[in-house]
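Novice: quick one, structure for this:
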Amino acid sequence: MSTVTPDRGAPERAPSARERLLRAADELFYAEGVNTVGIDRVIEHAGVAKASLYSAFGSKDGLIRAYLDRRREARARRIERHRSRHTDPRARLLAVFDAFDELAHSPQWRGCPFLAATGEARTDATVNEVLGQARRETRQCFLEDATALGVADPESLADQLVLIFDGGIVGAQNPLDPSAAVRARALAELVIDSAPR
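Specialist: Residues are numbered from 1 along each chain as shown. Next up is the predicted model:
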């Protein structure tokens, strides 16, 4: 009678050089700034060869874009996770603010990475492009649910909610004030409820 050895699965693979560079960039850029941290520090922190950075990202700007894109994608997933808990359009609109509140209360929160990157002395098209994409994605969420809510001017409501959302993020910056997310949500409720139908 033969015995079957339990399948322990394949051993976990070590993160790729690209992934290690992204993790190092995420940690260092978020803590200290995209322009303050040089590529040599990122490479050293990641424990990879310099050639790996150029092979994976082409340049420091490519690494900055990948770092901000990863943050943007995480933001979009967090917002969608909160929105997906609701079917009511009003609740879905407010869920965007709930996603912000969750982030602002996390131990890792040190402010908005997009604002930090644009607020540094040297800003460039890379940072502005990713920030613009993040804002468009958030606005699209608001527009979809404002349209479903049946307001007379969903475009205008979406624009107003983006401004409130952005203002809440700025308000939560320095000093760090996670309660800004709750106040932004309360203001959003007033604007949503007063929008003409």
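Novice: now for the chain, the helix or strand with the poorest mean pLDDT.
Specialist: Within the chain, confidence by mean pLDDT, DSSP states H and E is lowest for helix 113-119 among all helices and strands, at a mean of 82.
Novice: for residue 66, give me its contacts.
Specialist: Residue 66 makes contact with 22, 25, 57 under the criterion Cβ atoms under 8 Å, 6 or more residues apart in numbering. Where C-beta positions appear, they are placed from N, C-alpha and C, glycine not excepted.
Novice: which residue comes closest to the second one once chain neighbours are left out?
Specialist: Nearest in space to residue 25, with sequence neighbours left out and distances taken as Cβ to Cβ, 6 or more residues apart in numbering, is residue 67 at 4.5 Å.
Novice: just checking, the one you found touches residue 31?
Specialist: No - applying Cβ atoms under 8 Å as the test, residue 67 and residue 31 come out as separate, 12.0 Å apart.
Novice: name the element the residue nearest to residue 25 belongs to?
Specialist: helix 60-83 (DSSP states H and E).
Novice: now do the buried residues in that helix.
Specialist: For helix 60-83, burial by neighbour count (16 or more other Cβ atoms under 10 Å) applies to 60, 63-72, 75-76, 78-79, 82-83.
Novice: also stretch 118-136?
Specialist: Within stretch 118-136, the residues scored as buried using 16+ other Cβ under 10 Å are 126, 127, 130, 131, 134.
Novice: could I get those residues as CSV with distance to residue 15, secondary structure and pLDDT?
Specialist: Compiled in CSV, the buried residues of stretch 118-136 are given as follows (distance: Cβ to Cβ, whole Å; DSSP: H, G, I helix; E, B strand; the rest coil; pLDDT from 0 to 100):
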residue, distance to residue 15, secondary structure, pLDDT
126, 24, helix, 80
127, 25, helix, 84
130, 23, helix, 89
131, 27, helix, 88
134, 25, helix, 93
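Novice: format these as TSV; extra columns: distance to residue 16.
Specialist: Converted to TSV, the buried residues of stretch 118-136 look like this (distance: Cβ to Cβ, whole Å):
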residue	distance to residue 16
126	22
127	25
130	22
131	27
134	25
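Novice: and which of the residues you listed is nearest residue 196?
Specialist: Comparing these against residue 196 with Cβ to Cβ places residue 134 closest, at 28.8 Å.
Novice: nearest spatial neighbour of the closest one, chain-adjacent residues omitted?
Specialist: residue 72 is the one closest to residue 134 (Cβ to Cβ, 6+ apart), at 4.6 Å.
Novice: nothing else from me, thank you.
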